[in-house]
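> I'd like to go over a predicted model; first the sequence, then the structure.
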Amino acid sequence: MRSSSKVAKIGAVLVSFSLLCLAHRAIAIEGFGNKEDYEFPENFKFGVSTAAFQIEGAWNEGGKGESMWDTYLHQHPEYTLDHSNGDIAADSYHKYAEDVKLVKDLGVQYYRFSFSWPRLLPKGTDNKKNKDGIDYYHRLLKELRKANLTAMVTLFHWDMPTPLMDLGGWSNPKMVDYFLDYARFVFTEFGDEVKIWTTMNEPQQHCYNGYGTNYFVPALESGGIGDYLCSHYMILAHAKAYRLYEKEFKPYQNGRVGITLDAFWAEPKNSIDPIDIEAAERYRQMRVGIYAHPIFSKVGDYPPLVRNIIDGNSRQQNFTRSRLPVFSQDEIQEIKGSSDFFGLNHYTTYLMSQPTVNDTWTIPSWDHDTFVRMEQNPAWPIPGADWLSIYPPGIRKLLNWIKNNYGDMPIIITENGMCDFGGLMDYTRVQYYNDYLYQTLLAMKKDYVNVEGYFAWTLLDDFEWTDGYATKFGLYEVDFNSPERTRRKKLSADNYRNIVMTRKIDFDYIKQPRMKKLPYQRNEENIV
Ligand SMILES: *[C@@H]1O[C@H](CO)[C@@H](O)[C@H](O)[C@H]1NC(C)=O
Ligand SMILES: *[C@@H]1O[C@H](CO)[C@@H](O)[C@H](O)[C@H]1NC(C)=O
Ligand SMILES: *[C@@H]1O[C@H](CO)[C@@H](O)[C@H](O)[C@H]1NC(C)=O
C-alpha cells in the first residue's frame, strides 16, 4: 500500500478544499452549536497508552532477555522503514519518572502500559525471574501511585521472548501453559498494585501480520494456517489467564481482567448494495468476530460464518482438516465470558466490496478466506502512515456494532489516535481527537453504548514496528537524534488535557492559524 500513499494524499487535499464551503453551510443548517452540550460523565476514565517494546529501549540492560523483535531486527536491520530497531527507543526504561510526569500533565487518571515478558522472565519460562526487571516495574508503579495515577497493564504487547518464539510462539499449543505461568507470576508479584489488566493486545494484528504475512515479526508468512493457530492459542491463553485470576486472585485482589481487540470499521463501499453490505459484515466477522464471538457472545465459539468459510475453503483446497482449529466443549465454556470489559483499539475505516478479477491473494490465506476488496475513500485524509485515513464516524458505527453483536458490556477504548510525520503544531491530531471523541460521545449519549473509558495512543513518539521512527503518534514529541531523547509537548497534548479537565470538547480551544484551512473536511455524515 505504501506506493499508493502519495496519490491518495493529493486526492484528499483536493477534495477537502472543494468541500470546505459545503461544510460551513452544513454547520449553519444543522446547528452544531449544541455540540458543546455533550459532556463526558464524571466517572469516565481518561487515560493514555504505551507499550514496552515501543518506548523502553534498554534491550539488554538489567538482566533483560531478548524478545523476538530484538532478535529479528538485529538479524534483519533493513526490515524497518528507516532501518532502525528498538534498542533505545524513547529510553523510557531510564526516563520513566519523567514520563509519569508527562502522563500527569495530561490530567488523565489512567496510564496503560505493558510489561515486557522477557524483562521479567528472560527466557520466557518462570524458572528464572529477573530481579532488576521486577524492580523496574515496581519503581514505575510506585511513581504512578505517587502521582495518583492508576495503572492498566497489558501482559502481552507482541514482545514474545525469543526462546519461546524459537519453539513456534503462539503456534505451539504449549505456549498456553507458558503464558499461564507468566500470568500467575505477574498476578502474584504485582496484583496488589495493579487492579486492571489486559491479557493480549490486538491478537489480530499480531497473528495476521506476524504469522500470516511478513509485515510484522516473526514474519512467518504462514497464511491461512499459522495465523489461525496463533489466534486460537492466544484466545485460549487469554481465557485461561482470566480463569486463573478469577479463581485464585480476584477474591482478594479485586481487580478486573480483559482483552484488547483491534478493529477497523468496515463500511460498505456502496451503502445500499447488498453485496457490499455482506462483504463488510464478512470482513467484521473474519477480523473481529473471530476473537470477539468466542469471548463476548452468549453462545461462544467461533462465529458460524467464520467456521463455515474456513472449513469450506479448507475442504476445497484438499486439506484433511480445517485450517481453523476447533475448540472443545470445555474450552468453549472456559472462553465464553472471559473478559470483564471489551478493550477496543480503533484507528481507521476501510470501504468494503466484492473482489474483482484483479484482486488475487495467496491461497490459502486469511485474505483469501475473507474475500473482500478493501480500499480507502480518497476523500479521507491520510496524514501519516498510508493505512490510516481519517473517518471519525467510523468509531461510532463500530461501537454500535459491538453493542448490537455482543450486548451491553462495558467498552474501554484502549487505543485511538493518528500518526503524522512530526511537528509540535499538530493541528490535524487536535482535530482527530476532537472528532473521534465527539463521535464516541454520540455513541454514548445518543446510542446508549456503554463506553467506560478512553485511552489516547500514544503518550510519546515511539518505535512504530515496521515503520520504525518514521511515523509519529505521540502527544509528546521525542527527539530521537538526541542522546537525551528530549520530550516536548505538542498542541494535541494541551488540547487533550483541556478535554480531560473540562470533560468537554472545545472545538475552538486550539485556534487554527487564520491562513490555514482545516486540516481535513469535518465529516458529519451519518449523525442521526
Ligand atoms: C486522586 O485521584 C482521585 C480520583 O482519581 C481524587 O478523587 C483524589 O482527590 C486524588 N488525590 C490526590 C491527592 O490528588
Ligand atoms: C483437490 O483435489 C482434486 C482431486 O484430486 C483436484 O481435482 C482439485 O484440483 C484439487 N483442488 C485444489 C485447490 O488443489
Ligand atoms: C483490472 O485491471 C485492469 C488493468 O489495470 C483494468 O483495466 C480493469 O478495468 C480492471 N478490472 C476490474 C474489474 O477492476
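Perfect, thanks for sending it. Ligands and ions are numbered 1, 2, ... in the order given.
> Quick check: beta-bridge partners of the residue nearest to the spatial centre of the chain?
Closest residue to the average C-alpha location of the chain: residue 345 at 3.7 Å, with CA atoms, centre = their mean. Per DSSP bridges, the residues bridged to residue 345 are residue 262, residue 415.
> give the contact list for it.
Counting by CB atoms under 8 Å, 6 or more residues apart in numbering, residue 345 makes contact with 201, 202, 260, 261, 262, 263, 413, 414, 415, 416, 457. For every residue, glycine as well, the C-beta is placed using N, CA and C.
> let's see it at 7 Å
For residue 345, the contact set (CB atoms under 7 Å, 6 or more residues apart in numbering) comprises 202, 260, 262, 414, 415.
> From residue 207, how far off is the third one?
In this structure, residue 262 lies at 11 Å from residue 207, with CB to CB, to the nearest Å as the measure.
> show me where the stretch 251-400 of the chain has helices.
With DSSP state H, counting those that start in this stretch, the ranges of helices along the stretch 251-400 of the chain come out as 274-284, 290-296, 304-316, 329-335, 366-370, 393-406.
> Outside of the fifth one itself, list whatever touches it.
Defining contact as CB under 7 Å, 6+ apart, one finds that helix 366-370 is touched by 208, 212, 223-224, 227, 282-283, 286, 309-310, 313, 361-362.
> Near ligand 3, which residues of the protein are found?
Contact residues (CB under 6 Å from any ligand atom) of the chain with ligand 3: 356, 357, 358.
> burial measure for the first one, as a count.
Counted by other CB atoms under 10 Å, the residues lying close to residue 356 total 8.
> and residue 207, that's in a helix?
Yes. Under DSSP: H, G, I helix; E, B strand; the rest coil, residue 207 sits within a helix.
> ok, now which ones touch it?
With CB under 7 Å, 6+ apart as the criterion, the residues that contact residue 207 are 170, 227, 230, 231, 234.
> if we go to 10 Å?
Listed by CB atoms under 10 Å, 6 or more residues apart in numbering, the contact partners of residue 207 are 169-171, 216, 220, 222, 226-235, 290-291, 366.
> which of the residues you listed are buried?
Buried by 16 or more other CB atoms under 10 Å: 169-171, 216, 220, 222, 226-235, 290-291, 366, out of those.
> Can you give me every residue that contacts the closest residue to residue 439 other than its chain neighbours?
Distances taken as CB to CB, 6 or more residues apart in numbering put residue 396 closest to residue 439, at 4.2 Å, once the chain neighbours are dropped. Going by CB under 10 Å, 6+ apart, residue 396 touches 265, 436, 438-444, 446-447, 449, 526-528.
> Closest one of these to ligand 3?
residue 265 (24.0 Å; CB to the nearest ligand atom).
> now the closest one: how far from residue 348?
Counting by CB to CB, the gap from residue 265 to residue 348 is 8 Å.
> what residues do these two have in common as contacts?
391, 394, 395.
> ok, these vs ligand 3, which is closest?
Using CB to the nearest ligand atom, residue 391 comes nearest to ligand 3 of the shared contacts of residue 265 and residue 348, at 23.4 Å.
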